[in-house]
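>>> Here is a sequence with its predicted model. Questions after.
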Amino acid sequence: MTKQIVYADNAATCALSEKALEAMLPYLKAEYANPSSVYSLGRDSRRAVEKARETVASAIGALPEEIFFTSGGTEADNWALKSLAKRFEREKRHIITTSIEHHAVLNTLGRIEESGFEVTRLGVNEFGQISIDELCCAIRGDTAFISVMAANNEIGTILLSPEIGSRARERGVIFHTDAVQAVGHIPIDVRAMNIDLLSLSGHKFRGPKGTGALFVRRDSALLPDMLGGGQERGKRSGTENVAGIVGLAAALDDSVKNMKKNSERVCALRDRLIEGVLKIPRVRLTGHPVKRLPGIASFVVECIEGESMVMMLDHYGICASSGSACSSGSQEASHVLLATGLPEQLARGSIRLSLSEDNSSEDVERILQICQGRRPPAGIVAIMEIIRALKCIFGFSAASYFIFSVRRLAFVSSPIRWLSKAFCMALLCVHLSSRPFSIYGSAASYCLASAVAKYQAIIMLT
Ligand code: PLP
């Protein structure tokens, strides 16, 4: 039997829209000429790129000559920030950003900081919002630029407001926004919002992956990124990704034209999901209750690592993601959730379910059925409660400590070693055979089972 898949990770990437695919196909097949070629086939490709530029510009209230195509949001962010830093390095060496930016901005600004700039990272409130007054106070005579994301990718809070741009403009400071999660989902007008530079990414609004764009207002000079054949008006050399650019424009056009309708539908699905998930004990909503992106429902669950929940949901065919990064087996708390004031242990237990117009109410009910499900037998509940209590008291690795101390025992005599192996296997079986009962119990059993699996691997090597 094939597993029913529910894709609820649209903030990571989404499926290519039919409109985008349709628009791209000719440029992947018959219309393959280089847009820099002077013969008619080449001129056709050039026309397609320039038409796409006009479409992208009109979607955000810009002029076509203010749009530069890139390979995605990361490149657009890097290019914007590095270019601004280079431009101001002799006169102004102060930058303002927020503490919840995507790593494409955080890490780039970190590098710029190392070269002698001072970076002020504005704090956020419990919902992930910045204070405009604090932003204004942070602006100094030597502030070169401000970079504030339009909407957060982990908790969905919308940060962009016309006030940020107008305050920056009043003080003569350039304003960049990473609008990767916002473009195509909420209305954005760069002129009305006094935005000087904006980064966007195709695959976040059902365009192809590896495509993006940087908007740069005419008077905020942009330094060249790639040197070479002089494409993108000499600012970004390299043969254009014609099919990708055409697909990005088609997807954006479709998203903008249907924004109201899609947003109403996706918001209703998101709100139903939030309402259902919040019925589970020890779960909290993260991000702003109202000022949030249509598709993002994000939570923290007490005492369970985000990664364990993601694996548990995957076991039942649900694609979700966690704000915490799991590197070399250790769970790191999300910088976004820490910035909203959540304690580290809670911040490690984040889970993000992000919906799009491709999702149905059946998808939402299926997620809720898996997460809420029926209660497990009393014995299992008791075991889970003990694990939970252990984890709460001793921290997340309590279960692993327990298992590792059993491992030491296992060296003592082989019957204990075999007994412990049998215990581990039994636990794994309980996990794998358990009917969905609750995100809590199931993820807890997954946590333990994965710790046990690690122990198993080690004991087999010893
Ligand atoms: N900025 C934000 C807010 C994002 O969410 C992402 C991707 O998730 C990026 C930048 C990077 O975009 P890309 O994947 O197109 O490089």
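Cool, the structure landed.

>>> What separation do you get for Gly116 and the ligand?
Per C-beta to the nearest ligand atom, to the nearest Å, Gly116 is found 25 Å from the ligand. All C-beta atoms are positioned from the backbone trio N, CA, C, and that covers glycine.

>>> Revised request: answer the last question for Asn258.
21 Å.

>>> Make 30 the first number, not 1, from now on.
In the new count, where the first residue is 30, that last one comes out as Asn287.

>>> which residues does the spatially closest residue to that residue that is not a sequence neighbour contact?
Ranked by C-beta to C-beta, 6 or more residues apart in numbering and with sequence neighbours excluded, the top spatial neighbour of Asn287 is Glu386, at 7.7 Å. Contacts for Glu386 were tallied using C-beta atoms under 8 Å, 6 or more residues apart in numbering; they are 287, 291, 294-295.

>>> Also Ser46?
Residues in contact with Ser46, defined by C-beta under 8 Å, 6+ apart, are 235-236, 279-280, 283-284.

>>> Could I get the full set of helices for the stretch 280-429 of the chain?
288-306, 335-344, 364-368, 373-376, 390-401, 407-423, 427-441 (DSSP state H, counting those that start in this stretch).

>>> any idea how far the residue nearest to Asn287 lies from the ligand?
The gap separating Glu386 from the ligand is 18 Å, by C-beta to the nearest ligand atom.

>>> Could you give the backbone dihedrals for that residue?
Backbone torsions for Glu386, taken as degrees, to the nearest 10, come to phi -70, psi -10.

>>> ok, now Phe174?
Dihedral pair for Phe174: phi -160, psi 170, per degrees, to the nearest 10.

>>> if we can go back for a sec, could I get the contacts of Ser46 as TSV with pLDDT and distance to the ligand?
Below are the contacts of Ser46 laid out as TSV (pLDDT from 0 to 100; distance: C-beta to the nearest ligand atom, whole Å):
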residue	pLDDT	distance to the ligand
Arg235	98	13
Gly236	98	10
Ala279	98	17
Ala280	98	13
Asp283	98	18
Ser284	98	15
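
>>> By neighbours, which of the residues you listed wins?
Neighbour tally across these (other C-beta atoms under 10 Å): the maximum, 32 neighbours, falls on Gly236.

>>> Which residue comes closest to that one once chain neighbours are left out?
Ala280 (3.5 Å).

>>> cool, and Ile34?
Gly346 (4.8 Å).

>>> Model confidence at the one you found, what's the number?
What the model reports for Gly346 is a pLDDT of 92.

>>> At which residues are the helices of the stretch 130-279 of the chain located?
Going by DSSP H, counting those that start in this stretch, the stretch 130-279 of the chain shows helices at 132-143, 161-167, 191-199, 271-286.

>>> tell me the contacts of Asn270?
With C-beta under 8 Å, 6+ apart, Asn270 has these contacts: 98, 100, 239-240.

>>> likewise Ile184?
129, 157, 315-317, 321, 325, 327, 352, 365-366, 369, 381.

>>> Can you check the residues you listed and name whichever has the most neighbours?
Counting neighbours by other C-beta under 10 Å, Ser327 comes out on top of the contacts of Ile184 with 32 neighbours.

>>> Least confident secondary structure element in this structure?
helix 427-441 (a mean of 44; mean pLDDT, DSSP states H and E).

>>> low-confidence ranges in the chain?
Scanning the chain for pLDDT under 70 picks out the ranges 30-31, 353-360, 402-491.

>>> And the strands in it, which stretches?
Along the chain, counting by DSSP state E, strands occupy 35-36, 96-99, 123-127, 147-151, 172-176, 203-207, 226-230, 241-245, 312-314, 325-330, 347-348, 355-356, 359-360, 379-383.

>>> The second one: how far from the chain's middle?
With C-alpha atoms, centre = their mean, to the nearest Å as the basis, strand 96-99 stands 21 Å off its chain's centre.

>>> what's the answer for the fifth one, then?
Here the centre of mass of C-alpha atoms in strand 172-176, compared against the chain's by C-alpha atoms, centre = their mean, lies 24 Å away.

>>> What pairs with that strand, parallel or antiparallel?
strand 123-127 (parallel), strand 203-207 (parallel) (DSSP bridges).
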